[in-house]
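Enquirer: requesting a structural model of the entry that follows:
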Amino acid sequence: MTPAPRTDGEHEAPPTLPLLLERNARLHADLPALSWQEPGGTGSSTLTWRQVREHTARLAAGYAALGVRRGDHVLLMMGNRPEHWLSDLALVRLGAVPVSVYGTAAPPQIAHIARNCRAALAVVEGAAQAEVWAPLLDDDGTPLERLVVVEPGREGRHFPYAALRAEPLPEQFGKVLDTARPEDPLTVVYTSGTTGEPKGVVLAHRHVLANARALDEVVELPPHVEHICYLPFAHIAERMLGIYLPCHRASHVHLCADPAAVADAVRAVRPRQFFGVPRIWEKLAAAVRAGLSALPAGQQRAVEEAMRVAREHVGCRERGEQPPAELEAAYARSRERVLLPLLAAGGLDRISWAASASAPMPLDVVRFWAGFGIVIMDAWGLTETTGVATSNGPRTGFRLGSVGRPVSCVRVRIADDGEIEVRGESVFAGYLQQDGSARSALDEDGWLRTGDIGRLDDDGYLWITDRKKEMITTSTGKNVSPALVENTLKEHPLIGQAMVHGDNHSYLVALLVLDPETAPAWAAACGIEAGGDPAALAAHPAVRREVDRAVAAANSRLNRTEQVKRYRLLGQEWGPATGELTPSLKMRRKVIREKYATDLARLYDD
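Expert: Now for the predicted structure:
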């Protein structure tokens, strides 16, 4: 069980992030707080909570010497490296407002954010980032005055990060530290821009800590649990999981600088909790499936039987029932003899809390992991709700396929048109305006229209149907949930990604992407030689026939309006680097439609 951190046995946790950090340095001084791999594979480093307090005090003095004052916004564009994490806390201790920017942000987005938050200082990783930011220093419409560059030897004419900590701590400096109030802004998180220009969501200390307390009522974890931090800090999920919750829980953050290496990090750390957006769980499942397909037939049958027992065990728990003694014993044997050795190979054998959010989780992926006894506790929320607003949990109950019940700090209701509305302690203050004010998006009763469509069942579980803006309206006037169709298509292991299209048309078409892990293994098992070329695999007749069968099988489970009539099979995986996904791995539908406009048009040619 996750203990709610206390200042002593009677009083509640401190109400601001700096006071949580001070408490951790006092009560958990020698416990590890932050670990990371040094560049070039030269080893790893760890800071304790006492060392984090000392390090951030010196950094805060360095930032103050550069002119940063209470209430100032400071922009941060770095990967998941210690300088980012420590600078964030140092600025908060100073009373400033750190604003992380996605490393994949385009120059116009960077310029928009810099102008919107009126920051005079930006901290960037290296020469490549400095080159993108430097023109803003001479832009009359942008108040940016100085860049701090982290990587040594690449500063050029900019201020070196290493010099920040060289500043001696001024006498009386401690008086300006850690004086934040619960209602003060803690950060501004810019939405990732799937449908338009990023908007700055202003979150105060009280929003974040209300959400942290509510999550502790749902989550069941050991004390000082480890967290693998691999999502961008510009995303609300990683800000909560990788910065704020570790301060709240005095837990241990392991930085993973390369998101593509997260599977290696899981094997090294063997975490007891792991959060993955749906695409991460899909990719991990595809890798496991590929490994299982290579086992001898006898072992495959043993694994299938063990997974059947595990799913039955999870089903009892899902219904709130105590598994019968016979099932409990069979599950214990299957887990010990078959499932745990397989999970150990991937570093997942100690998992006690597995979670997902950010986009609808395909139910077949959830059921796959349930076959290993891992229940992915799906959650839902927005940047504007400080992350999680509803969640499944072993203490509060779960329904596979739902996103759980509302956490205690919010209320949820469904509007007449099906849109989900929320209000509560963790709902944001408003969108940042250039004059520094926050424009509220709440109605007169404090409700926020989320843009998501869903329903609440009789037991209070929320089921997400789709994004309101992403609903497809066919030429016959029918509304279709693209996520429902896409997840049905992706139930076949060959299909890794899917996007359906059909606004103002009489039927749906789809762009399908072969799964980069499963497809080569499937092809090898079928004796197909494609030389590892994804495009060659996508064009191979046997692959096309199997995908034809997959689409037909998906259509058989969909109503006539939802069925896909034609599709185009692609070999190249979509990702943030090529623009089809946001940094948090959500689809940018507009980008995909524009990039494949010719292909989509041809799918409607008679």
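Enquirer: ok, Leu209 to Ala355 distance?
Expert: 20 Å (C-beta to C-beta, to the nearest Å). (Glycine included, C-beta is placed from N, CA and C.)
Enquirer: those two - which one has more neighbours?
Expert: Applying other C-beta atoms under 10 Å to Leu209 and Ala355 shows that Leu209 carries more neighbours, namely 27 against 24.
Enquirer: OK, contacts around that one?
Expert: Contacts for Leu209 were tallied using C-beta atoms under 8 Å, 6 or more residues apart in numbering; they are 13, 15-17, 20, 182, 244, 248.
Enquirer: residues in contact with the worst-scoring helix or strand of the chain on mean pLDDT?
Expert: Ranked by mean pLDDT, DSSP states H and E, the weakest helix or strand in the chain is strand 479-480, scoring a mean of 78. Contact with strand 479-480 is made by 471-474, 500, 502, 508, 561-562, as judged by C-beta under 8 Å, 6+ apart.
Enquirer: make TSV out of the residues you listed and add distance to His28, neighbour count and secondary structure.
Expert: Formatted as TSV, these follow (distance: C-beta to C-beta, whole Å; neighbours: other C-beta atoms under 10 Å; DSSP: H, G, I helix; E, B strand; the rest coil):
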residue	distance to His28	neighbour count	secondary structure
Met471	48	16	coil
Ile472	51	20	strand
Thr473	54	13	strand
Thr474	57	17	coil
Val500	49	23	strand
Gly502	54	25	coil
Leu508	54	24	strand
Thr561	56	17	helix
Glu562	52	21	helix
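Enquirer: out of those residues, flag the one nearest to Gly62.
Expert: Taking C-beta to C-beta as the measure, Gly62 lies nearest Met471 of these, at 49.5 Å.
Enquirer: wait, that closest one touches Ile453, no?
Expert: Yes - here Met471 reaches Ile453: they are 6.9 Å apart, a contact under C-beta atoms under 8 Å.
Enquirer: between these two, what contacts are shared?
Expert: Listed contacts common to Met471 and Ile453 are Ser481; contacts here mean C-beta under 8 Å, 6+ apart.
Enquirer: excluding chain neighbours, what is closest to Val101?
Expert: Distance criterion C-beta to C-beta, 6 or more residues apart in numbering; nearest residue to Val101, sequence neighbours excluded, is Met77 at 4.4 Å.
Enquirer: run a quick neighbour tally on that neighbour.
Expert: Residues near Met77, counting by other C-beta under 10 Å, number 26.
Enquirer: now do the same contact list for it.
Expert: Contact analysis of Met77 by C-beta under 8 Å, 6+ apart lists 100-103, 105, 110, 122-125, 129, 133.
Enquirer: what are the bridge partners for it, then?
Expert: Legend: beta-bridge partners of Met77 under DSSP bridges are Val124.
Enquirer: give me the pLDDT for it.
Expert: For Met77, the pLDDT comes out at 97.
Enquirer: likewise for Gly404?
Expert: At Gly404, the pLDDT recorded in the model is 95.
Enquirer: surely it and Met377 touch.
Expert: Yes - with contact defined as C-beta under 8 Å, Gly404 reaches Met377; the gap is 7.1 Å.
Enquirer: the stretch 301-450 of the chain: helices as residue ranges?
Expert: Per DSSP state H, counting those that start in this stretch, the stretch 301-450 of the chain carries helices over the ranges 325-334, 340-345, 363-370.
Enquirer: among the contacts of Met77, which ones are buried?
Expert: 100-103, 105, 110, 122-125, 129, 133 (16 or more other C-beta atoms under 10 Å).
Enquirer: just the closest of those residues to Glu312, please.
Expert: Tyr102 (42.5 Å).
Enquirer: identify the residues contacting that closest one.
Expert: Tyr102 makes contacts with 77, 109, 192, 232, 234, 583, as judged by C-beta under 8 Å, 6+ apart.
Enquirer: let's see it at 10 Å
Expert: By C-beta atoms under 10 Å, 6 or more residues apart in numbering, the residues touching Tyr102 are 77, 109-110, 113, 190, 192-193, 198, 232-235, 576, 582-584.
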